[in-house]
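Student: Here is a sequence with its predicted model. Questions after.
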Amino acid sequence: MKKLENVDAEIKFVKRPEDYDLTKAVLSAIDERTAITALPHCFWIDGTRLNLSQIGWRCREIGSALVIDAT
């Protein structure tokens, strides 16, 4: 996690796991402290897709805003 200066917030980066299950890694990183979940629909290096439906459900469950980078 990276602590932002002058703001009471942190940025959490999720690394690609060895099993390539990015959805599982993102879901495990989201918790009740997560205010914004910002991510792409796929991993730009190899095209691995994230299951936005599952991630969206988790975000709604805890009240996190979901921001998708669809570029």
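Tutor: Yep, it's here.
Student: give me every residue that touches residue 22.
Tutor: 14, 16, 43, 48, 50 (C-beta atoms under 8 Å, 6 or more residues apart in numbering). Using the backbone N, CA and C atoms, a C-beta is placed for each residue, glycine as well.
Student: Show me the shaky parts of the chain.
Tutor: The model of the chain has pLDDT under 70 over residues 1-4.
Student: quick one, strands of it?
Tutor: 2-3, 10-11, 36-40, 65-69 (DSSP state E).
Student: now, of these, which is deepest in the fold?
Tutor: Mean neighbour count (mean count of other C-beta atoms under 10 Å) peaks for strand 36-40 among these, with a mean of 15.
Student: just checking, what packs against that one?
Tutor: Counting contacts by 3 or more C-beta pairs under 8 Å, 6 or more residues apart in numbering; DSSP states H and E, strand 36-40 packs against helix 52-62, strand 65-69.
Student: angle of that strand against strand 65-69?
Tutor: 20 degrees (axes from the mean of the first three to the mean of the last three C-alpha atoms, to 10 degrees).
Student: Go ahead and name everything in contact with strand 36-40.
Tutor: In contact with strand 36-40 (C-beta under 8 Å, 6+ apart) are residues 14, 26, 30, 50, 55, 59, 64-71.
Student: who wins for neighbours among the contacts of residue 22?
Tutor: Among these, the one with the most neighbours (other C-beta atoms under 10 Å) is residue 50, at 21 neighbours.
Student: from memory that one sits against residue 42, does it?
Tutor: Yes. Residue 50 lies in contact with residue 42 (C-beta atoms under 8 Å); the separation is 6.6 Å.
Student: okay but residue 41 is in contact with residue 70, surely?
Tutor: Yes. Using C-beta under 8 Å, residue 41 makes contact with residue 70 at a distance of 5.8 Å.
Student: Looking at those two, which is more packed in?
Tutor: Taking other C-beta under 10 Å, residue 41 and residue 70 do not tie; residue 41 has more neighbours (12 against 7).
Student: got the contact list for that one?
Tutor: Residue 41 makes contact with 49-50, 52, 68-70, according to C-beta under 8 Å, 6+ apart.
Student: let's go with 7 Å and repeat that
Tutor: 49-50, 52, 68, 70 (C-beta atoms under 7 Å, 6 or more residues apart in numbering).
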